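Chemist: Here's a sequence, model it:
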Amino acid sequence: MMTRVITLSLVTLGALVPVVKSKDLGILGTEQDSPPAVEPPVIIESTAIVEAPAIVENPSIDFNGFISLTTNLRELREARRVNVEDFNRMAQEPNTIILDTRSKSAFDSVHLANAVHLNFSDFTDAKLREVIPSKQTRVLIYCNNNFVDEEKEIVPDLGKEEDDEVIAGFTDKSPALALNIPTFVNLHGYGYENVYELADRLSVFDPRISLVGNSVVDKLRQ
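Modeler: Modelled structure (predicted):
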């Protein structure tokens, strides 16, 4: 428990001495009051010890454990980042799934063909078991930051409204907060260690990828 020391200074006024009148002193003449005399202020210091509330330890939240896990996975994650050709090849092989962990609305708008969805914020042992067949399953992951829109060059007649709709499904996050990073770390934390991450930054119109969903991207590619 943290202890905080507080020093208080109290100032008290000295007592007023009685008013002295000239006649009381036997002085002849007109009765006059002398100015009151005031004692100098007295300063009293008092030190009080106040106990500050202790920081509550929550065993269900382990920041240091997360930092340790992330640090230990740094080299492995770099080795598990694959280009789009290898990503596509792996996706066709047995015991492999593509996992999209973005929001449900983003997934419904546009996602890679054959991807399964589980919102990152919904990760639990039980939810992951429903989506990933086993701990040995190879899991391919991607996020918004893997895609860039070049529709202004490819479809120059699009107006602003249509441009906004095209990019609605893939909205960049800050590079340091790209969803691939915590997804990779959390999957390992839950025991799913056969994880590979799409490394490329691809146009949504790249012929090497197949996008589906209800956004304008689908309509433009038909």
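
Chemist: Under the pLDDT cut-off, which ranges of this structure? List them.
Modeler: For the chain, the stretches flagged by pLDDT under 70 are 1-48, 50, 150-169, 216-222.

Chemist: For it, which segments count as helices?
Modeler: For the chain, the helices defined by DSSP state H occupy 63-72, 74-79, 84-91, 104-109, 125-131, 151-154, 160-167, 180-189, 216-221.

Chemist: For the ones you listed, state which one has the densest average packing.
Modeler: helix 180-189 (a mean of 19; mean count of other CB atoms under 10 Å). Bear in mind the C-beta positions are built from the backbone N, C-alpha and C, glycine included.

Chemist: That one vs helix 63-72, what angle?
Modeler: Angle, helix 180-189 to helix 63-72, by axes from the mean of the first three to the mean of the last three CA atoms, to 10 degrees: 100 degrees.

Chemist: From start to finish, how long is stretch 118-130 in a straight line?
Modeler: End-to-end distance of stretch 118-130 (CA to CA, to the nearest Å): 9 Å.

Chemist: Can you get me a residue count around residue 212?
Modeler: 14 (other CB atoms under 10 Å).

Chemist: what sits against it?
Modeler: Residues counted as contacts of residue 212 (CB atoms under 8 Å, 6 or more residues apart in numbering) are 110-113, 218.

Chemist: Generate a PyMOL selection restricted to the buried entries among those residues.
Modeler: The PyMOL command for the buried members of these (criterion: 16 or more other CB atoms under 10 Å) is given here:
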select buried, resi 110+111+112
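
Chemist: Now distance to residue 203 too, for the contacts of residue 212, in TSV please.
Modeler: Listed next are the contacts of residue 212 as TSV, based on distance: CB to CB, whole Å:
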residue	distance to residue 203
110	13
111	16
112	14
113	16
218	15
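
Chemist: Just flag the most distant two among the contacts of residue 212.
Modeler: Greatest spatial distance among those (CB to CB): 112 and 218, at 12.7 Å.

Chemist: Touching both of those two, which residues are there?
Modeler: With CB under 8 Å, 6+ apart, residue 112 and residue 218 have common neighbours 211-212.

Chemist: Now do stretch 119-127: everything it contacts.
Modeler: 101-104, 118, 179, 182-183, 186, 190.

Chemist: which residues in this structure form strands?
Modeler: For the chain, the strands defined by DSSP state E occupy 3-12, 42-51, 81-82, 96-100, 111-112, 115-117, 138-142, 147-148, 195-198, 202-203, 211-212.

Chemist: so how many other residues sit close to the nearest residue to residue 103 once chain neighbours are set aside?
Modeler: The shortest distance from residue 103 to any non-neighbouring residue, by CB to CB, 6 or more residues apart in numbering, is to residue 119 (6.1 Å). Per other CB under 10 Å, the neighbour tally for residue 119 reads 15.
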